[in-house]
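Just to be clear, the model below is a prediction. Sequence and coordinates:
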Amino acid sequence: MSNKQHSTTITLPRGTLDLTYQINSATSSHSSNKQGSDNFDHYQLEDLLGFAQRINPKRAFLFVSKVLGRHIPVAPSTMRYAFTELANLVPSQLPEPILVIGMAETAVGLSAGVHQALQTRYPNALLLNSTRHAQHTADCTESLLTTFSEDHSHASQHLIYQSADKVTQDQLLTSKTLIMVDDEASTGNTCVNVVTALRSAGLTQLEQVHLTTLVDWSLDQNKTDETGDSAIPEQMAARLAGVDFHRHHLLSGAWQWTDAPNPEPIIMPSVDTTEAGSQALGHTGGWGRFPTIDSTDGFDNYLSKFQASFTKFSDQDNFAVAQLPKKILVLGSNEFVWLPFLLAEWLEMHTQRQEANTESTVNFSALTRSPIALGGTITTMLSFSDNYGLGMTNFVYNVEPNDWDLIVLCVETSVDSVDDMWKGLDNVLVVGADSGHD
């Protein structure tokens, strides 16, 4: 690893963010799985992150990922490359069973991407994402495994569900390695809270925990010139007693926030709920809200659903890639982002193969409950009612609808559940979920 220090100061209306950081410039832990570049020094700070201001009294700033496809539209190929680069940092020959767990809502697509890349080495690894959407099923076979809190978040409570399948549940409870995936770690508290909750819920055989993030800001302020396990703050190591703790990231460092004099009070929208909502969740395959090995299960059906919807939308008799316009934005919604990402990736690959569409653009982004102020990396904001029937405001950032020939809005509820704002745009195709529960 490179020990070269970098520093920068980000000025936001509510204060200043001072960063010290270092960039990975060594080959991955599993270089045989590498694709493309032989090192990570192409990931500079400005490649990975922008900065913005939260509408959140708990924390005034936000690290905005440029490779995640959440708050900034990004090419699916860029996202896939980051997923794979991050997964390649995870060592081989880890104790199995392995559990890959992602944090709602921002990192549920990242975790699925890392999990899928890891399956070349760990084909039986389980994927499980936290959720803020309570699940109600007809037979009530699925139930909560545990809950935990993400203290600084706009929506602090998370739910983690167990499996109704006995074999899967047994594998979950006997996990020996936990790979916790998040877009960034800023204090390390969430990781500690997750591990503590899982161990209390019955995962008593955990031997190793791997905090796997695009960017890790949770290193001790006084140890930012160190890398690897030697940089673990003593208090965090102590709080994870009994397990070997490791970090993997594309960039790491530390931050210090200084409030501006007399900042204006913040009033945050009410988004901290884990209620189910009045809109039923449709069947969308297994993408980690319940433990799964195959996160792509359900994609073939979802692709067919899109193709049928687009054929009707464009008033055609049959689907053909050549009918697709040149500029397409695929929007996931809240936690429902993995199958929409796979759809965007499919569209990117297939439109680029069309000779007539050599200048085609496919990007991916998502609706979110996260309230962010305009400014910095956030150039535009649209707000609207959520599609879950929670009576909650949702947002999409850095999306100007008129910039796109086609916006494919993917929801896990019915087509009719989306806000009238979306229904009023003639370039928006809403792809809803089938009836039933996943």
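Received the coordinates, thanks. Numbers count the residues shown, from 1 in each chain.

how about low-confidence regions in this structure?
Along the chain, the model assigns pLDDT under 70 to residues 1-3, 25-42, 136-142, 150-156, 220-237, 265-276, 354-358, 434-438.

centroid residue for this protein?
In the chain, the centroid-proximal residue (C-alpha atoms, centre = their mean) is A107; its distance is 2.1 Å.

how far away is it from N189?
From A107 across to N189, the span is 15 Å (C-beta to C-beta, to the nearest Å). For the C-beta atoms, the positions are set from N, CA and C on the backbone; glycine is no exception.

from what I can see I72 touches T78, true?
No. Look at I72 against T78 with C-beta atoms under 8 Å: they stay out of range, at 10.4 Å.

Which residue, other than its chain neighbours, is closest to F245?
V209 (5.1 Å; C-beta to C-beta, 6 or more residues apart in numbering).

what residues are up against that neighbour?
177-178, 180, 191, 195, 240, 243-246 (C-beta atoms under 8 Å, 6 or more residues apart in numbering).

That one pairs with what?
When assigned by DSSP bridges, V209 has beta-bridge partners L178, F245.

Which parts of the stretch 1-150 of the chain are helices?
Listed in chain order, the helices of the stretch 1-150 of the chain (DSSP state H, counting those that start in this stretch) span 45-48, 76-88, 108-118.

of those helices, which approaches A125 most closely?
Relative to A125, the nearest member of these by C-beta to C-beta is helix 108-118, separated by 5.7 Å.

Can you tell me what sits against the closest one?
Residues contacting helix 108-118 (C-beta under 8 Å, 6+ apart): 33, 68-70, 79-80, 82-84, 86-88, 90, 98, 100-103, 125, 127, 129-130, 179, 181-183, 212, 214, 287-288, 295-296, 332, 335, 337-338, 341, 366.

For that helix, what is the distance to the chain centroid?
Relative to its chain's centre, helix 108-118 lies at 9 Å (C-alpha atoms, centre = their mean, to the nearest Å).

Flag every buried residue along it.
In terms of neighbour count (16 or more other C-beta atoms under 10 Å), helix 108-118 has its buried residues at 108-118.

swap in stretch 401-414?
In stretch 401-414, counting by 16+ other C-beta under 10 Å, buried: 401, 404, 406-414.

Can you add distance to Y161 and secondary structure and give those back as CSV?
Output for the buried residues of stretch 401-414, formatted as CSV (distance: C-beta to C-beta, whole Å; DSSP: H, G, I helix; E, B strand; the rest coil):
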residue, distance to Y161, secondary structure
P401, 35, helix
W404, 35, coil
L406, 34, strand
I407, 31, strand
V408, 28, strand
L409, 26, strand
C410, 22, strand
V411, 20, coil
E412, 15, coil
T413, 18, coil
S414, 22, coil
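
Out of those, which two sit at the greatest distance?
W404 and S414 (23.2 Å).

just checking, L374 touches M381?
Yes. Because the distance of 5.7 Å satisfies C-beta under 8 Å, L374 is recorded as touching M381.

quick one, which of the two is more surrounded?
Applying other C-beta atoms under 10 Å to L374 and M381 shows that M381 carries more neighbours, namely 15 against 11.

Identify the residues contacting the more buried one.
Neighbours of M381 in contact, by C-beta under 8 Å, 6+ apart: 372, 374, 395-397.

Quick one, which of the residues you listed are buried?
372, 395-397.

For those residues, give me TSV that also has distance to N24.
Output for those, formatted as TSV (distance: C-beta to C-beta, whole Å):
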residue	distance to N24
I372	27
F395	32
V396	31
Y397	27
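
Secondary structure added to these, as TSV?
Output for the buried ones among the contacts of M381, formatted as TSV (DSSP: H, G, I helix; E, B strand; the rest coil):
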residue	secondary structure
I372	strand
F395	strand
V396	strand
Y397	strand
